[in-house]
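sharing a sequence plus its predicted fold:
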Amino acid sequence: MEDVETRVVIGVGVLSVQERAGTQSTILERLYEQHAHALYRFALALVGSAEDAEDAVQEVFVRIARDPARLERVIELRCYLFTATRNAAYGILRRRQRAGRLDDALRTELTGSLQAVDSGGSVDAASVFRAFAQLPVDQREVLVLKVFDGMTFKEIAGTLGVSQNTAASRYRYGIAKLRRALEVSESG
């Protein structure tokens, strides 16, 4: 008879040490085949997005792949997988909620900053945010550091590990692209 510590519960079956020695990927594949569809359906109901549901299920299986020994302590595998998926889905919802708050804060900050620069005051928040989102990441990060945090180009250069000239040019290009995008949105 096998010692309890030498078993890994998979679905309703039990794998011996010899079977486990085959490969951990086989175990993971079997787990995925048996449970992924139901876990995805569950995650989808929680997060309301196919992409986020896939991410939640993937997160569960990545955790198992990184630490397969965690399954040795599991008594009810199916319950464990659903609980892990629920936790991953709620984590995604929390990140989405934080991102939404950050988007709102960024939209407000961007609008206020650009309205201060553009005395016309005709810039709306949604247009600013859309225009900002279209900028390359390197230009966005320089704009945020300069406009919101009031950093000098020397400080930005040190923060990003680029030259002062590079920081200044990214800022100029970013501002120019924002203005062009906002002019197009106002005329269209």
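Here it is on my side, so go on. Since this is a predicted model, take the numbers as computed values, not measurements.

now do the helix or strand encompassing Tyr173: which elements does it pack against?
In this structure, Tyr173 sits in helix 164-187 according to DSSP states H and E. Contact here means 3 or more Cβ pairs under 8 Å, 6 or more residues apart in numbering; DSSP states H and E; on that basis helix 164-187 packs against helix 125-134, helix 137-143, helix 153-160. Where C-beta positions appear, they are placed from N, C-alpha and C, glycine not excepted.

which residues touch the second one?
Which is helix 137-143. With contact meaning Cβ atoms under 8 Å, 6 or more residues apart in numbering, helix 137-143 is reached by Phe132, Leu135, Ile156, Leu160, Ala167, Arg170, Tyr171, Tyr173, Gly174, Ile175, Lys177, Leu178.

pull the helix or strand with minimum mean pLDDT from this protein.
In the chain, no helix or strand scores lower on mean pLDDT, DSSP states H and E than strand 8-10, which sits at a mean of 43.

turn the helices and strands packed on helix 164-187 into TSV, including distance to Ala65, mean pLDDT and mean neighbour count.
Shown next, in TSV, are the helices and strands packed on helix 164-187 (distance: least, Cβ to Cβ, whole Å; pLDDT from 0 to 100; neighbours: other Cβ atoms under 10 Å):
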stretch	distance to Ala65	mean pLDDT	mean neighbour count
helix 125-134	33	76	17
helix 137-143	30	86	18
helix 153-160	34	91	16
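
figure out which of those is closest to Ile27.
Distance to Ile27, taken as Cβ to Cβ, is lowest for helix 137-143 among these, at 38.8 Å.

just to revisit the earlier point, out of the contacts of helix 137-143, the closest to Leu39 would be?
Phe132 (36.2 Å).

quick one, phi/psi of Thr152?
Note on Thr152: backbone dihedrals following degrees, to the nearest 10 are phi -80, psi 170.

I meant Gly150, not that one.
Torsion angles, degrees, to the nearest 10, at Gly150: phi 60, psi 30.

domain boundaries for the chain, per the record?
4-97, 124-187 (automatic domain parsing).

figure out how far the last one is from the centre of its chain.
Taking the mean C-alpha point of domain 124-187 and that of its whole chain, the gap between them comes to 22 Å (Cα atoms, centre = their mean, to the nearest Å).

got it, and the first one?
In this view, domain 4-97 has its centroid 20 Å away from the chain centroid, taken as Cα atoms, centre = their mean.

let the chain start at 43 from now.
Got it, first residue is 43 now, which makes that one domain 46-139.

spatially nearest residue to Glu101, not counting backbone neighbours?
Take Glu101 and drop its neighbours on the chain: the residue closest to it by Cβ to Cβ, 6 or more residues apart in numbering is Ala130, 4.3 Å away.

fine by me, thanks again.
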